[in-house]
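Undergrad: Structure of the sequence below:
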Amino acid sequence: MSRKLYRMFSIAFAIACLAAFPNCGNDNKLVSIEVQPSTAFFLTPASGLTIQLTALGTYIHPPATKDITNKVTWTSDIPGLVTVDQTGAVAPSGNGSCGIANVTASFFTSANNPAGNVLRASATVTVHDSAVPACP
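TA: Numbers count the residues shown, from 1 in each chain. Next up, the predicted model:
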C-alpha cells in the first residue's frame, strides 16, 4: 500500500471513529459519588472538633476517579447534631446532643435543571457522650 493511500485510509478511519463515538475522550461525565470515610465518630459533642469528609467522583469518557469535595453541596440531615461546611468538614454542633446523622454530598449534573439529575452519597456520623447512658 502506498504511503499516500495509507495516510488517506488512516484519516478516513479516524473521521469514521469520531463520527461513531463523538463523546469518547471529550465528554467527561460524572456517573457516581462516594463519600470517604463512610462513617465518622465523635467521642464527645463538644464544639471545636472536626472530621474531614472527601467526595470522590467516578467519571466515564475517559474513566477516572477525581476528588470533587469542593464541587458538591454538603448537608446534614440533623444540623442540630452536626454541621458540615462546603469543604466537607464535619463538626458536632456543640449543643450537648448525641445521636447519629447522615451527611450527604450532592452533585447536580445539569446546571440548567438543578431539580433534575442529582447524584448523592452519604456518610454516617455518630456523636457520642459518655455522660449520657442512652447515647449511641
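Undergrad: Name the residue closest to the centre of the chain, please.
TA: Against the mean C-alpha coordinate of the chain, by Cα atoms, centre = their mean, the closest residue is residue 55 at 3.4 Å.
Undergrad: show me what contacts that residue?
TA: Residue 55 makes contacts with 33-35, 67-69, 71-72, 88, 105, 107, 121, as judged by Cβ atoms under 8 Å, 6 or more residues apart in numbering. In short, each C-beta sits where N, CA and C put it, glycine included.
Undergrad: Bridged to it, which residues?
TA: Using DSSP bridges, the beta-bridge partners of residue 55 come out as residue 35.
Undergrad: Where do the strands of this protein begin and end?
TA: 29-36, 39-42, 51-52, 54-60, 64-67, 73-76, 82-84, 89-92, 99-108, 118-127 (DSSP state E).
Undergrad: Let me see the mean pLDDT of the last one.
TA: In this model, strand 118-127 has a mean pLDDT of 95.
Undergrad: I figured residue 38 hits residue 124, correct?
TA: Yes. Residue 38 is in contact with residue 124 according to Cβ atoms under 8 Å; the separation is 7.0 Å.
Undergrad: Who has more neighbours out of the two?
TA: Neighbour count, other Cβ atoms under 10 Å: between residue 38 and residue 124, residue 124 has more, with 14 against 11.
Undergrad: Now do the same contact list for the spatially closest residue to the more buried one that is not a sequence neighbour.
TA: Excluding the flanking residues, the one nearest residue 124 by Cβ to Cβ, 6 or more residues apart in numbering is residue 39, at 4.9 Å. If a contact means Cβ under 8 Å, 6+ apart, then residue 39 has 123-126 as its contacts.
Undergrad: For residue 78, state which of the residues you listed is nearest.
TA: residue 125 (9.0 Å; Cβ to Cβ).
Undergrad: That closest one bridge partners, please.
TA: Taking DSSP bridges, one obtains residue 40, residue 101 as the residues bridged to residue 125.
Undergrad: that older thread, save the strands of the chain as JSON lines, and put in distance to residue 135 too.
TA: Output for these, formatted as JSON lines (distance: least, Cβ to Cβ, whole Å):
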{"stretch": "strand 29-36", "distance to residue 135": "23"}
{"stretch": "strand 39-42", "distance to residue 135": "11"}
{"stretch": "strand 51-52", "distance to residue 135": "18"}
{"stretch": "strand 54-60", "distance to residue 135": "27"}
{"stretch": "strand 64-67", "distance to residue 135": "33"}
{"stretch": "strand 73-76", "distance to residue 135": "18"}
{"stretch": "strand 82-84", "distance to residue 135": "14"}
{"stretch": "strand 89-92", "distance to residue 135": "12"}
{"stretch": "strand 99-108", "distance to residue 135": "8"}
{"stretch": "strand 118-127", "distance to residue 135": "8"}
